[in-house]
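Undergrad: can't give you the sequence, but here's the structure:
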(Lines give C-alpha, C1' and ligand atoms only; values in the text may rest on other atoms or scores of the structure.)
Protein backbone atom coordinates (compact mmCIF):
# COMPACT_ATOMS: atom_id res chain seq x y z
CA UNK A 1 0.00 0.00 0.00
CA UNK A 2 1.38 3.41 -1.01
CA UNK A 3 1.85 5.51 2.10
CA UNK A 4 2.80 8.68 0.22
CA UNK A 5 -0.15 10.91 -0.66
CA UNK A 6 -0.19 13.98 -2.90
CA UNK A 7 -3.25 16.17 -2.38
CA UNK A 8 -4.54 19.67 -3.12
CA UNK A 9 -4.93 21.38 0.24
CA UNK A 10 -5.36 24.64 2.14
CA UNK A 11 -3.70 25.16 5.51
CA UNK A 12 -6.60 25.87 7.83
CA UNK A 13 -5.09 25.71 11.31
CA UNK A 14 -1.62 25.31 12.82
CA UNK A 15 -1.00 24.39 16.45
CA UNK A 16 2.38 24.33 18.20
CA UNK A 17 3.35 21.04 19.83
CA UNK A 18 6.28 20.02 21.98
CA UNK A 19 9.80 19.85 20.54
CA UNK A 20 9.06 22.48 17.86
CA UNK A 21 6.61 20.19 16.05
CA UNK A 22 3.26 21.44 14.74
CA UNK A 23 -0.16 19.88 14.29
CA UNK A 24 -1.65 21.08 11.03
CA UNK A 25 -5.28 20.95 9.95
CA UNK A 26 -5.61 20.86 6.18
CA UNK A 27 -8.80 21.51 4.25
CA UNK A 28 -9.01 19.27 1.20
CA UNK A 29 -11.81 18.44 -1.22
CA UNK A 30 -12.26 15.22 0.73
CA UNK A 31 -12.55 16.89 4.15
CA UNK A 32 -10.46 18.05 7.10
CA UNK A 33 -7.19 16.22 7.65
CA UNK A 34 -4.65 16.47 10.47
CA UNK A 35 -0.93 15.90 9.95
CA UNK A 36 2.28 16.59 11.87
CA UNK A 37 4.85 19.07 10.61
CA UNK A 38 8.44 18.62 11.77
CA UNK A 39 11.15 21.26 11.56
CA UNK A 40 12.51 24.19 13.53
CA UNK A 41 11.70 27.90 13.16
CA UNK A 42 14.08 28.34 10.19
CA UNK A 43 12.65 25.43 8.21
CA UNK A 44 11.53 26.33 4.68
CA UNK A 45 8.79 23.73 4.91
CA UNK A 46 7.51 25.28 8.12
CA UNK A 47 7.37 28.69 6.41
CA UNK A 48 5.43 27.21 3.49
CA UNK A 49 2.88 25.49 5.75
CA UNK A 50 1.38 28.71 7.12
CA UNK A 51 -2.31 29.39 7.75
CA UNK A 52 -4.37 30.09 4.59
CA UNK A 53 -1.57 29.10 2.19
CA UNK A 54 -2.90 26.72 -0.44
CA UNK A 55 -1.20 24.37 -2.84
CA UNK A 56 -0.12 20.74 -3.04
CA UNK A 57 0.62 18.82 0.16
CA UNK A 58 2.76 15.67 0.24
CA UNK A 59 1.85 13.47 3.19
CA UNK A 60 3.34 10.24 4.50
CA UNK A 61 0.70 8.11 6.22
CA UNK A 62 1.36 5.22 8.58
CA UNK A 63 -1.87 3.29 9.06
CA UNK A 64 -0.42 1.06 11.79
CA UNK A 65 0.57 4.02 13.93
CA UNK A 66 -2.43 6.08 12.84
CA UNK A 67 -0.13 8.97 12.00
CA UNK A 68 0.39 11.38 9.13
CA UNK A 69 3.42 13.56 8.42
CA UNK A 70 3.79 16.45 5.96
CA UNK A 71 6.93 15.76 3.93
CA UNK A 72 6.60 18.66 1.48
CA UNK A 73 4.24 21.48 0.54
CA UNK A 74 4.16 23.43 -2.72
CA UNK A 75 2.54 26.71 -1.69
CA UNK A 76 0.86 28.10 -4.80
CA UNK A 77 -1.14 30.86 -3.07
CA UNK A 78 0.35 32.78 -0.12
CA UNK A 79 -1.77 35.97 0.14
CA UNK A 80 0.90 38.56 1.05
CA UNK A 81 -1.62 41.39 1.64
CA UNK A 82 -2.95 39.56 4.70
CA UNK A 83 0.24 40.57 6.53
CA UNK A 84 -0.34 44.22 5.62
CA UNK A 85 -4.00 44.48 6.65
CA UNK A 86 -5.30 43.68 10.12
CA UNK A 87 -8.83 43.37 8.74
CA UNK A 88 -7.81 40.85 6.08
CA UNK A 89 -5.92 38.72 8.60
CA UNK A 90 -8.96 38.65 10.93
CA UNK A 91 -11.36 38.02 8.02
CA UNK A 92 -9.27 35.05 6.90
CA UNK A 93 -9.19 33.75 10.48
CA UNK A 94 -12.97 34.13 10.78
CA UNK A 95 -13.64 32.26 7.53
CA UNK A 96 -11.19 29.54 8.57
CA UNK A 97 -12.81 29.17 12.00
CA UNK A 98 -16.27 28.88 10.42
CA UNK A 99 -15.13 26.12 8.06
CA UNK A 100 -13.26 24.33 10.86
CA UNK A 101 -16.10 24.56 13.42
CA UNK A 102 -18.66 23.37 10.87
CA UNK A 103 -16.47 20.49 9.62
CA UNK A 104 -16.62 22.07 6.16
CA UNK A 105 -20.43 22.11 6.33
CA UNK A 106 -20.49 18.43 5.40
CA UNK A 107 -19.63 19.47 1.83
CA UNK A 108 -15.82 19.68 1.81
CA UNK A 109 -15.38 20.07 -1.95
CA UNK A 110 -17.75 23.04 -2.08
CA UNK A 111 -16.29 24.51 1.12
CA UNK A 112 -12.79 24.16 -0.34
CA UNK A 113 -13.73 26.02 -3.53
CA UNK A 114 -15.65 28.70 -1.62
CA UNK A 115 -12.93 29.37 0.96
CA UNK A 116 -10.07 29.34 -1.56
CA UNK A 117 -12.03 31.71 -3.81
CA UNK A 118 -12.69 34.07 -0.91
CA UNK A 119 -9.07 34.13 0.28
CA UNK A 120 -7.62 34.52 -3.23
CA UNK A 121 -10.12 37.24 -4.08
CA UNK A 122 -9.56 39.17 -0.85
CA UNK A 123 -5.83 39.20 -1.54
CA UNK A 124 -6.52 41.15 -4.75
CA UNK A 125 -8.97 43.66 -3.25
CA UNK A 126 -8.49 46.83 -1.27
CA UNK A 127 -9.77 46.73 2.30
CA UNK A 128 -13.13 48.38 1.55
CA UNK A 129 -13.95 45.85 -1.16
CA UNK A 130 -12.63 43.01 1.02
CA UNK A 131 -15.13 43.91 3.73
CA UNK A 132 -17.99 43.33 1.30
CA UNK A 133 -16.24 40.16 0.14
CA UNK A 134 -16.51 38.81 3.70
CA UNK A 135 -20.28 39.45 3.70
CA UNK A 136 -20.64 37.57 0.42
CA UNK A 137 -18.64 34.66 1.81
CA UNK A 138 -20.86 34.46 4.91
CA UNK A 139 -24.05 34.59 2.84
CA UNK A 140 -22.84 31.85 0.50
CA UNK A 141 -21.60 29.69 3.37
CA UNK A 142 -25.01 29.91 5.03
CA UNK A 143 -26.39 28.30 1.88
CA UNK A 144 -23.81 25.53 2.18
CA UNK A 145 -24.96 24.97 5.77
CA UNK A 146 -28.54 24.72 4.51
CA UNK A 147 -29.89 27.52 6.70
CA UNK A 148 -29.86 30.56 4.43
CA UNK A 149 -33.23 32.40 4.58
CA UNK A 150 -35.22 32.69 1.36
CA UNK A 151 -35.26 36.05 -0.41
CA UNK A 152 -38.02 35.17 -2.87
CA UNK A 153 -41.12 36.19 -0.93
CA UNK A 154 -42.47 37.37 2.41
CA UNK A 155 -42.51 34.68 5.08
CA UNK A 156 -45.98 35.70 6.26
CA UNK A 157 -48.11 36.90 3.34
CA UNK A 158 -46.20 35.04 0.62
CA UNK A 159 -46.00 38.20 -1.47
CA UNK A 160 -43.07 38.03 -3.87
CA UNK A 161 -40.23 40.46 -3.21
CA UNK A 162 -39.53 42.69 -6.20
CA UNK A 163 -35.79 43.23 -5.74
CA UNK A 164 -34.77 43.80 -9.37
CA UNK A 165 -31.56 42.44 -10.86
CA UNK A 166 -29.05 44.63 -9.02
CA UNK A 167 -27.71 46.10 -12.25
CA UNK A 168 -27.58 49.79 -11.34
CA UNK A 169 -28.28 50.38 -7.64
CA UNK A 170 -24.82 49.81 -6.19
CA UNK A 171 -22.84 52.64 -7.75
CA UNK A 172 -21.51 55.47 -5.59
CA UNK A 173 -24.11 57.83 -7.07
CA UNK A 174 -26.96 55.43 -6.33
CA UNK A 175 -26.18 55.57 -2.61
CA UNK A 176 -27.87 58.97 -2.54
CA UNK A 177 -31.14 57.24 -3.44
CA UNK A 178 -33.31 55.68 -0.74
CA UNK A 179 -34.89 53.19 -3.19
CA UNK A 180 -38.25 54.17 -1.81
CA UNK A 181 -37.21 53.74 1.81
CA UNK A 182 -38.63 50.23 2.18
CA UNK A 183 -37.43 48.01 5.01
CA UNK A 184 -37.68 44.31 5.69
CA UNK A 185 -37.63 42.43 8.98
CA UNK A 186 -35.65 39.27 9.55
CA UNK A 187 -37.58 37.01 11.94
CA UNK A 188 -35.24 34.60 13.71
CA UNK A 189 -38.13 32.40 14.89
CA UNK A 190 -39.28 31.90 11.29
CA UNK A 191 -35.85 32.22 9.65
CA UNK A 192 -37.55 34.34 7.02
CA UNK A 193 -37.62 37.91 5.80
CA UNK A 194 -40.91 39.75 6.28
CA UNK A 195 -42.21 42.67 4.20
CA UNK A 196 -43.08 46.02 5.77
CA UNK A 197 -46.82 45.28 5.48
CA UNK A 198 -46.50 42.27 7.78
CA UNK A 199 -44.54 43.49 10.81
CA UNK A 200 -45.25 46.09 13.46
CA UNK A 201 -42.88 49.02 14.12
CA UNK A 202 -42.15 47.75 17.63
CA UNK A 203 -41.65 44.11 16.59
CA UNK A 204 -38.28 42.63 17.56
CA UNK A 205 -35.93 41.54 14.80
CA UNK A 206 -33.22 42.74 12.46
CA UNK A 207 -34.27 45.34 9.90
CA UNK A 208 -32.61 45.56 6.52
CA UNK A 209 -33.07 48.16 3.82
CA UNK A 210 -34.27 47.34 0.32
CA UNK A 211 -30.73 47.92 -0.94
CA UNK A 212 -29.32 45.38 1.53
CA UNK A 213 -31.76 42.71 0.37
CA UNK A 214 -30.92 43.54 -3.24
CA UNK A 215 -27.26 43.04 -2.38
CA UNK A 216 -27.98 39.64 -0.83
CA UNK A 217 -29.94 38.63 -3.91
CA UNK A 218 -27.07 39.69 -6.15
CA UNK A 219 -24.64 37.76 -3.94
CA UNK A 220 -26.83 34.65 -4.20
CA UNK A 221 -26.32 34.29 -7.93
CA UNK A 222 -23.44 32.17 -9.17
CA UNK A 223 -23.22 33.24 -12.81
CA UNK A 224 -20.08 35.16 -13.76
CA UNK A 225 -21.92 38.38 -14.64
CA UNK A 226 -23.70 38.61 -11.28
CA UNK A 227 -20.52 37.74 -9.38
CA UNK A 228 -18.67 40.51 -11.23
CA UNK A 229 -21.45 42.97 -10.33
CA UNK A 230 -21.26 41.93 -6.68
CA UNK A 231 -17.48 42.53 -6.59
CA UNK A 232 -17.97 46.05 -7.98
CA UNK A 233 -20.90 46.90 -5.73
CA UNK A 234 -20.84 49.73 -3.21
CA UNK A 235 -22.85 49.51 0.01
CA UNK A 236 -23.36 52.52 2.29
CA UNK A 237 -22.50 52.84 5.98
CA UNK A 238 -25.79 51.99 7.68
CA UNK A 239 -26.71 49.33 5.14
CA UNK A 240 -23.29 47.70 5.54
CA UNK A 241 -23.28 47.67 9.34
CA UNK A 242 -26.84 46.33 9.64
CA UNK A 243 -26.16 43.61 7.08
CA UNK A 244 -22.87 42.66 8.73
CA UNK A 245 -24.52 42.39 12.16
CA UNK A 246 -27.24 40.13 10.75
CA UNK A 247 -24.80 37.85 8.92
CA UNK A 248 -22.62 37.48 12.02
CA UNK A 249 -25.75 36.60 14.02
CA UNK A 250 -26.98 34.10 11.43
CA UNK A 251 -23.58 32.40 11.24
CA UNK A 252 -23.18 31.95 15.00
CA UNK A 253 -26.78 30.76 15.25
CA UNK A 254 -26.22 28.20 12.48
CA UNK A 255 -23.09 26.88 14.20
CA UNK A 256 -24.68 26.95 17.65
CA UNK A 257 -21.68 28.68 19.21
CA UNK A 258 -19.90 31.97 19.69
CA UNK A 259 -16.98 32.44 17.33
CA UNK A 260 -13.67 33.29 19.00
CA UNK A 261 -12.51 35.37 16.03
CA UNK A 262 -15.54 37.64 16.27
CA UNK A 263 -14.80 38.23 19.94
CA UNK A 264 -11.09 38.89 19.47
CA UNK A 265 -11.69 40.89 16.29
CA UNK A 266 -14.15 43.39 17.72
CA UNK A 267 -13.41 46.82 16.32
CA UNK A 268 -11.57 45.29 13.36
CA UNK A 269 -14.10 43.05 11.62
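TA: Nice, thanks for sending it over. All figures in this text were calculated on a predicted structure; none of them were measured in a lab. Numbers count the residues shown, from 1 in each chain.

Undergrad: sketch out the low-pLDDT regions of the stretch 1-150 of the chain for me.
TA: Applying pLDDT under 70 to the stretch 1-150 of the chain picks out residues 1-2, 40-42.

Undergrad: er, the stretch 151-269 of the chain I mean
TA: 164-181.

Undergrad: strands along that one, start to end?
TA: With DSSP state E, counting those that start in this stretch, the ranges of strands along the stretch 151-269 of the chain come out as 183-187, 192-194, 206-209.

Undergrad: now those in a markdown table, with distance to residue 232 and mean neighbour count?
TA: Every residue, glycine included, has its C-beta placed from N, CA and C. Shown next, in a markdown table, are these (distance: least, CB to CB, whole Å; neighbours: other CB atoms under 10 Å):
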| stretch | distance to residue 232 | mean neighbour count |
| --- | --- | --- |
| strand 183-187 | 24 | 20 |
| strand 192-194 | 25 | 20 |
| strand 206-209 | 19 | 19 |
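
Undergrad: format those as JSON lines; extra columns: distance to residue 227.
TA: What follows is the strands of the stretch 151-269 of the chain, written out as JSON lines (distance: least, CB to CB, whole Å):
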{"stretch": "strand 183-187", "distance to residue 227": "23"}
{"stretch": "strand 192-194", "distance to residue 227": "22"}
{"stretch": "strand 206-209", "distance to residue 227": "21"}
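
Undergrad: indicate which one of the ones you listed is closest to residue 22.
TA: strand 206-209 (40.3 Å; CB to CB).

Undergrad: you'd agree residue 142 is in a helix?
TA: Yes. Assessed with DSSP: H, G, I helix; E, B strand; the rest coil, residue 142 lies in a helix.

Undergrad: okay, now it: neighbour count?
TA: For residue 142, the count of nearby residues is 19 (other CB atoms under 10 Å).

Undergrad: which non-adjacent residue is nearest it?
TA: Nearest residue to residue 142 in three dimensions, chain neighbours excluded: residue 148, at 4.0 Å (CB to CB, 6 or more residues apart in numbering).

Undergrad: quick one: closest of the strands of the stretch 151-269 of the chain to residue 14.
TA: Per CB to CB, nearest to residue 14 of the strands of the stretch 151-269 of the chain: strand 206-209, 35.3 Å.

Undergrad: ok, and what's touching the closest one?
TA: 179, 182-186, 188, 193, 238-239, 242-243, 245-246, 249 (CB atoms under 8 Å, 6 or more residues apart in numbering).
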